[in-house]
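*Asks:* Next come a sequence and a model predicted from it.
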Number of protein chains: 2
Amino acid sequence: MSIHYPKGVFLPQEKPDKMPRKKDARAANRGMGFEDDINATNEIYLNSGRALIYKRTTPINVVRVDYSKGAKIVEAYFEKQSTTDYNGVYRGRYIDFEAKSTHSKTSFPLHNIPKQQIEHLKNVIKHQGIAFFLINCYQINKTFLVPAQYIIEFYENKPRSSIPFSFLNEHGLIVKESYPLRYDYLREVDRFFFAK
Amino acid sequence: MSIHYPKGVFLPQEKPDKMPRKKDARAANRGMGFEDDINATNEIYLNSGRALIYKRTTPINVVRVDYSKGAKIVEAYFEKQSTTDYNGVYRGRYIDFEAKSTHSKTSFPLHNIPKQQIEHLKNVIKHQGIAFFLINCYQINKTFLVPAQYIIEFYENKPRSSIPFSFLNEHGLIVKESYPLRYDYLREVDRFFFAK
């Protein structure tokens, strides 16, 4: 006798030692896919003269360099990004945002946002920059642009440990997917930050 | 009989074989010293709420990572910065600049500026960002803030292979040195980019 599970259901009794790793790998790939799409979008923005937005490189702490064959780094470690993934200039204004992807079906877990990122985005707002999150909700196939102030408020009041998608829907704008401009998020930036 | 030299006088006839290395080391330190001073200035700007300006990290091309003990990078190489050293937000506007130091007595050699940096700064100007160079002329003890458009023009017309200090003086503004705010360059940004 065999049991038919619906597709995609998580079966902890099946290969318990390998499941978490597999799941992590899938989650990581999803995140990379979204990031790649944002990078591709930014390249189109750059080439078409629409905006100048760069991905910040992940900071690396270099411990040891071998100068015997050029300058080869032989010991270094990735460090946590204390700011956000992207910044740049659009219509003369400073723009700064974080792109996140979640595989949750209902909400975006707050533990994905480090405290320094919140502090950084508060500073951006204080200096009248444009600050927001792009949140890709993989399971419901939607991407939201949410102005940072709403996420900051939620983060600081912490009514829950994760932000329900309904909150993102209420305070954010849905970013349409298309091709070749994968996520034309500047349309939503125009609507939210430049509308009178 | 002993000769009393004033303190700090440079004596080229002393240890001739070691001088060049010493001089290089000093030149490198000079550059680092200027960068450190700009970083210290930016930290004061951040803490006093005046501006939010970050140093971009040098991009590193990671070739190999050893996951057996955490994520240790075991092979990587420094890459050339294709943008500038600093960017951020000031009074709502995007700000982007490069800090350079020279030990020449008369001019700033153009080979210090990579072509991609010129392209990047042209893009910043196109998108109405604030773009400039901070050039520390160690030998004459002066630091100039020069709006990027003048350096770009000189670079593209290339009347000479280095920019005479007289040009920096004509098109730039002198940044005063003080303490603890080592180089209060935002004063000059105000005068140049925000004056009506």
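*Replies:* Arrived safely, thanks for sending.

*Asks:* which residues of chain A fall in strands?
*Replies:* For chain A, the strands defined by DSSP state E cover A:52-55, A:60-66, A:72-78, A:86-90, A:93-102, A:107-109, A:130-137, A:142-147, A:162-164, A:173-174.

*Asks:* looking at those, which is closest to B:Asn123?
*Replies:* Counting by C-beta to C-beta, B:Asn123 lies closest to strand A:52-55 out of those; the figure is 4.9 Å. The C-beta positions use only the backbone N, C-alpha and C, and glycine is treated the same way.

*Asks:* Which elements pack onto the closest one?
*Replies:* Using 3 or more C-beta pairs under 8 Å, 6 or more residues apart in numbering or on different chains; DSSP states H and E as the contact test, the elements touching strand A:52-55 are helix A:19-47, strand A:86-90, helix B:115-126.

*Asks:* mind redoing it with 10 Å?
*Replies:* Contact here means 3 or more C-beta pairs under 10 Å, 6 or more residues apart in numbering or on different chains; DSSP states H and E; on that basis strand A:52-55 packs against helix A:19-47, strand A:86-90, strand A:93-102, helix B:115-126.

*Asks:* Apart from its chain neighbours, what residue comes closest to A:Gly88?
*Replies:* The shortest distance from A:Gly88 to any residue that is not its chain neighbour, by C-beta to C-beta, 6 or more residues apart in numbering or on different chains, is 3.4 Å, and that residue is A:Ile53.

*Asks:* Make sure the one you found is actually in contact with A:Asn42.
*Replies:* Yes - between A:Ile53 and A:Asn42 there is a contact under C-beta atoms under 10 Å: 4.7 Å.

*Asks:* so what sits against both of those two?
*Replies:* Shared contacts of A:Ile53 and A:Asn42, defined by C-beta atoms under 10 Å, 6 or more residues apart in numbering or on different chains, are found at A:Tyr86, A:Gly88, A:Tyr185, A:Leu186.

*Asks:* can you tell me which of those residues lies nearest to chain B?
*Replies:* Closest approach between the shared contacts of A:Ile53 and A:Asn42 and chain B, by C-beta to the nearest C-beta: A:Gly88, at 7.2 Å.

*Asks:* For the closest one, grab the count of nearby residues.
*Replies:* By other C-beta atoms under 10 Å in any protein chain shown, 26 other residues sit near A:Gly88.

*Asks:* Also the one 10 residues further on?
*Replies:* The burial count assigned to A:Glu98 is 22, neighbours taken as other C-beta under 10 Å.

*Asks:* For the residue nearest to it when sequence neighbours are not counted, give me its contacts.
*Replies:* By the measure of C-beta to C-beta, 6+ apart, the closest residue to A:Glu98 outside its immediate chain neighbours is A:Thr84, 4.2 Å from it. A:Thr84 is in contact with A:55-56, A:96-99, A:116-117, A:120-121, A:124, A:131-133, A:148, counting by C-beta under 10 Å, 6+ apart.

*Asks:* so what's A:Ile130 up against?
*Replies:* Shown here is A:Ile130, whose contacts under the criterion C-beta under 10 Å, 6+ apart are A:87-91, A:93-97, A:124, A:147-148, A:189, A:192-194, B:89, B:92, B:94.

*Asks:* From the residues you listed, list the buried ones, please.
*Replies:* Among the contacts of A:Ile130, those that count as buried by neighbour count (16 or more other C-beta atoms under 10 Å in any protein chain shown) are A:87-91, A:93-97, A:124, A:147-148, A:189, A:193, B:89, B:94.

*Asks:* ok, so what distance separates the closest residue in space to A:Arg50 that isn't next to it in sequence from B:Thr102?
*Replies:* Of all residues not flanking A:Arg50 in the chain, A:Leu186 sits nearest, at 6.5 Å (C-beta to C-beta, 6+ apart). When C-beta to C-beta, to the nearest Å is the yardstick, A:Leu186 and B:Thr102 sit 39 Å from each other.

*Asks:* Tell me, how many residues neighbour A:Asp36?
*Replies:* Residue crowding around A:Asp36 was assessed by other C-beta under 10 Å; the count is 11.

*Asks:* now A:Thr57
*Replies:* Residues near A:Thr57, counting by other C-beta under 10 Å: 15.

*Asks:* Do you know the pLDDT at it?
*Replies:* pLDDT for A:Thr57: 86.

*Asks:* where does chain A have low pLDDT?
*Replies:* Per-residue confidence for chain A (pLDDT under 70) gives these ranges: A:1-32, A:196.

*Asks:* Run the chain-centre distance for stretch A:125-133.
*Replies:* Averaging C-alpha coordinates over stretch A:125-133 and over its chain gives two centres that are 16 Å apart (C-alpha atoms, centre = their mean, to the nearest Å).

*Asks:* For it, measure first residue to last.
*Replies:* The first residue of stretch A:125-133 is 13 Å away from its last residue (C-alpha to C-alpha, to the nearest Å).

*Asks:* Show me what A:Asn136 is bridged to.
*Replies:* Beta-bridge pairing of A:Asn136, defined through DSSP bridges, involves A:Ser101, A:Thr143.

*Asks:* Does it touch A:Ser104 like I think?
*Replies:* No - counting by C-beta under 10 Å, no contact exists between A:Asn136 and A:Ser104, whose distance comes to 11.3 Å.

*Asks:* And the two? Which one has more around it.
*Replies:* A:Asn136 (25 against 16).
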